[in-house]
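> Everything below, folded, please.
(2 chains)
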Protein chains: 2
Amino acid sequence: MTQNDGQAARDKQLAEQALLAGFFEHGLFIPTGVPGLYGRGAAYEAVMEGFARHLSDCTRADQATQVHFPPLMPRANLERIGYLESFPHLAGLIFSFDGTEADHLKLLTSLANGESYAGSVKMTDLVVASATCQPLYPTLRGRLPEKGLLFDLTQYCFRREPSNDPARMQSFRMREHVRLGTPTEVQHWREDWYGRAHTLFTGLGLQVDRVVANDPFFGRGGKVLASNQLQQQFKFELVTPITSQELPTPIFSFNYHEAHFTAMYGIETHAGETAHSGCLGIGIERIAIALFKQHGFDVRTWPATVRSLLHLDRQDVAQTVRS
Amino acid sequence: MTQNDGQAARDKQLAEQALLAGFFEHGLFIPTGVPGLYGRGAAYEAVMEGFARHLSDCTRADQATQVHFPPLMPRANLERIGYLESFPHLAGLIFSFDGTEADHLKLLTSLANGESYAGSVKMTDLVVASATCQPLYPTLRGRLPEKGLLFDLTQYCFRREPSNDPARMQSFRMREHVRLGTPTEVQHWREDWYGRAHTLFTGLGLQVDRVVANDPFFGRGGKVLASNQLQQQFKFELVTPITSQELPTPIFSFNYHEAHFTAMYGIETHAGETAHSGCLGIGIERIAIALFKQHGFDVRTWPATVRSLLHLDRQDVAQTVRS
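Numbering: from 1, shown residues only, chains lettered A, B, ... in the order given. Sure, this is the predicted structure:
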């Protein structure tokens, strides 16, 4: 990191704190006392829902299969996809109490004495999902139909990275489109989306740039994985300045997995070859935050075209936002 | 439990398994391998969204404040409201890894050897919320406005009760209306809703009965709490037969908390007295399940009036459900 990079990072931190304070002040976020964990106000939710509908409007012709998964998933899935190898620091595991009344008394005694009661609870078969496509792959098996499959899904994700950056939450919604098919089908689909996504964000008044990117792999071994991912161009991101021009924030990612998930779960093309997969990671909370940063804290003053695209002019929405 | 009750419970279990199999077969639920944890298909989600809109249509004049909370909340909240005293068996605590590369190696070695790695992760400051109104109370403090407050919020909740009853999930959405004000305001609001809720469900073709109810408190001490709750009539439920006529399923609850939460968080009426609170627990997943049980697995064959109330006739919804 050069001296200039260090200054940009410090400036960004100050801008993050100022933006978070603005989100609290305008009732868009509601503090909980834990960094990166916020309630959301009506106007913020209206923008979230408006963008969801706008994206559905723009992609209806793709006829994606709509599925939905809860925020929790089986621990076995997380282990199988290698998440604990690559991102152990981000994972969240669910522990629960299943003891006797005597065990319960012990738990309560520890709690009352201000001591840890971690020993009174046990690891369960559940974790918090860290990415929207994680629960999908295990539900698919065998041969794909001709032309493969396309899924559209939205879910709450968890990543253990407490931060005062409003655009880095611990519990956040992420929408994904997931494409499965032949290598050519998946690659063309991804390439087609570079232009589509650019048009989408330009229409909403957001300036975006495409950059090659890597995931935040853990430790020294992770540096090699990240370097490999960059070199192979498996991940591109659209970034937009939210709290820094020099250090813009990723809001949309284009990921190519080759056969990583499909080989693991035995997913084949219609012709019987190992299928490939790719996904778009649509950072819907970051997009909402970028829209507020760009157009102001009061949605009633946003440009008319943006309000119209995001369905913010409907009477019931207007009433919700006002109240 | 009498012999007849035992027979009804056994019959109900068989009916639950049959209904769950039907939900899988028709793509309404997607199995994950863990009981009570399911993906959801497009038609199920269309009914969920349709009921959400219908309830908003029916309650718009109430002008409730819309807020939203993520599925996780601070562990301090769960401890403070006494959840670990009353319902330790239902709670879910988030554990995470924050060790060194050496610690990581140890975790991976345990994982590879099929041993528990529970000792490699630590209890965090986060839990999974167990009820939709739990995260709300700590965000309120001080004096209420004249006439008090009314909130409308929906959230993913977690309860650790693995089951093959489709209407008893571990991870499920729950909507609540929460009323804060003087004792009279809260009591009148609750009483007013007995009739409103009855009309709501009758209009959707669901037969409901009102019963006095209690929460599932833990252990022998919990029996006293449950008995007290029943005696004081703090909780009523609307129940509807889903998998049993004799043992119908609660889908809507009317709860009166007196000063339980408001005293804890220092919430006062406009006049400066300790406020009271109450909430409606709207079991939106159970309502969707009851609708499928009542009207059939294929929403396209549901009665026209029900389809219309649930916005299932809109063209974009129809396309989603078909695909």
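
> Which parts of chain A are strands?
Assigned by DSSP state E, chain A shows strands spanning A:29-31, A:38-41, A:65-68, A:72-74, A:92-96, A:122-128, A:142-143, A:149-158, A:171-181, A:209-212, A:235-240, A:249-258, A:267-268, A:276-282.

> Mind checking these for the one nearest to B:Val178?
B:Val178 sits nearest to strand A:38-41 of all the strands of chain A, at 12.9 Å, using CB to CB. Quick note: C-beta positions are derived from backbone N, CA and C, even for glycine.

> What helices and strands are in contact with the closest one?
strand A:29-31, strand B:65-68 (3 or more CB pairs under 8 Å, 6 or more residues apart in numbering or on different chains; DSSP states H and E).

> out of those strands, nearest to B:Arg53?
Comparison of the helices and strands packed on strand A:38-41 against B:Arg53 by CB to CB identifies strand B:65-68 as nearest, at 13.4 Å.

> Going by neighbour count, which residues of the closest one are buried?
Using 16 or more other CB atoms under 10 Å in any protein chain shown as the test for burial, strand B:65-68 gives B:Gln66, B:Val67, B:His68.

> mean confidence score for that strand?
When pLDDT is averaged along strand B:65-68, the result is 97.

> That strand and chain A, any residue contact?
Yes. Using CB under 8 Å from any CB of the partner chain, we find that strand B:65-68 touches chain A at B:Thr65, B:Gln66, B:Val67, B:His68.

> burial of the closest residue to the second one other than its chain neighbours, as a residue count?
Closest residue to B:Gln66 apart from its sequence neighbours, by CB to CB, 6 or more residues apart in numbering or on different chains: A:Ala42 at 4.0 Å. A:Ala42: 22 surrounding residues under other CB atoms under 10 Å in any protein chain shown.

> Wait, A:Ala42 touches B:Ala64, no?
No. Contact criterion CB atoms under 8 Å: A:Ala42 and B:Ala64 do not qualify, at 9.8 Å.

> thinking again about what came up before, pLDDT at the residue nearest to B:Gln66, what is it?
A:Ala42 carries a pLDDT score of 96 in this model.

> Quick check: the gap between it and A:His26.
Distance, A:Ala42 to A:His26, by CB to CB, to the nearest Å: 11 Å.

> now swap in A:Ile242 and tell me
Remark: distance between A:Ile242 and A:His26 (CB to CB) = 16 Å.

> And the two? Which one has more around it.
For A:Ile242 and A:His26, the more surrounded residue by other CB under 10 Å is A:Ile242, and the numbers stand at 25 against 15.

> hang on, isn't that one packed against A:Thr249?
Yes. Between A:Ile242 and A:Thr249 there is a contact at 4.5 Å, judged by CB under 8 Å.

> where do the contact lists of those two overlap?
Counting by CB atoms under 8 Å, 6 or more residues apart in numbering or on different chains, the contacts common to A:Ile242 and A:Thr249 are A:Ala167, A:Arg286, A:Ala290.

> between these, which is nearest A:Phe234?
Checking the shared contacts of A:Ile242 and A:Thr249 against A:Phe234 with CB to CB, the nearest one is A:Arg286 at 20.8 Å.

> Provide the backbone phi and psi angles at the residue lying closest to A:Lys12 once chain neighbours are set aside.
Distances taken as CB to CB, 6+ apart place A:Ser244 nearest to A:Lys12, at 4.0 Å, with adjacent residues excluded. In terms of degrees, to the nearest 10, the main-chain angles of A:Ser244 are phi -170, psi 140.

> Okay, A:Ser244 and A:Ala18: tell me how far apart.
As judged by CB to CB, A:Ser244 and A:Ala18 stand 12 Å apart.

> Put together a markdown table for the helices and strands packed on strand A:38-41, with distance to B:Gly222 on each row.
Formatted as a markdown table, the helices and strands packed on strand A:38-41 follow (distance: least, CB to CB, whole Å):
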| stretch | distance to B:Gly222 |
| --- | --- |
| strand A:29-31 | 32 |
| strand B:65-68 | 31 |
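
> residues in contact with the residue of the stretch 151-300 of chain A found nearest chain B?
Closest to chain B within the stretch 151-300 of chain A is A:Ser171: 3.8 Å, counting by CB to the nearest CB. Each residue near A:Ser171 by CB under 8 Å, 6+ apart is listed here: A:Gly36, A:Leu37, A:Pro71, A:Tyr156, A:Cys157, A:Phe158, B:Pro70, B:Pro71, B:Leu72.

> tally of neighbours for the last one?
B:Leu72 sits with 27 neighbouring residues when counted by other CB under 10 Å.

> And A:Gly6, by the same measure?
Other residues near A:Gly6 number 10, with proximity taken as other CB under 10 Å.

> And the pLDDT for it?
If you check A:Gly6, the pLDDT there is 92.

> Name the nearest residue to the residue of the stretch 151-300 of chain A closest to chain B, ignoring sequence neighbours.
Setting aside the residues directly before and after it, A:Ser171 is nearest to B:Pro70 in space (CB to CB, 6+ apart), at 3.8 Å.

> Just confirm the one you found contacts A:Leu37, I think it does.
Yes. If you go by CB under 8 Å, B:Pro70 and A:Leu37 touch, sitting 6.6 Å apart.

> which neighbours do those two share?
Here B:Pro70 and A:Leu37 have A:Met169, A:Ser171 as joint contacts, going by CB under 8 Å, 6+ apart.

> Compare neighbour counts for these two and give me the winner.
Shown here are B:Pro70 and A:Leu37; by other CB under 10 Å, B:Pro70 has more neighbours (27 against 22).

> List the residues that contact that one.
Contacts for B:Pro70 (CB under 8 Å, 6+ apart) come out as A:Leu37, A:Tyr38, A:Gly39, A:Tyr156, A:Met169, A:Ser171, A:Phe172, B:Gln155.

> Closest one of these to B:Glu258?
For the contacts of B:Pro70, the nearest to B:Glu258 is B:Gln155 (23.4 Å; CB to CB).

> Contacts only, for the closest one.
Taking CB under 8 Å, 6+ apart, we find B:Gln155 in contact with B:His68, B:Phe69, B:Pro70, B:Pro71, B:Ala129, B:Thr132, B:Pro135, B:Arg173, B:Met174.

> From chain B, how far off is A:Asn4?
Remark: distance between A:Asn4 and chain B (CB to the nearest CB, to the nearest Å) = 30 Å.

> give me the number of residues near that residue?
Neighbours around A:Asn4, by other CB under 10 Å: 9.

> Leaving out the residues flanking it, which one is nearest to it?
Distances taken as CB to CB, 6+ apart place A:Glu246 nearest to A:Asn4, at 8.0 Å, with adjacent residues excluded.

> wouldn't that neighbour be in contact with A:Gly6 here?
No. Counting by CB under 8 Å, A:Glu246 does not reach A:Gly6; the two are 11.1 Å apart.

> confidence score at A:Arg196?
For A:Arg196, the pLDDT comes out at 98.
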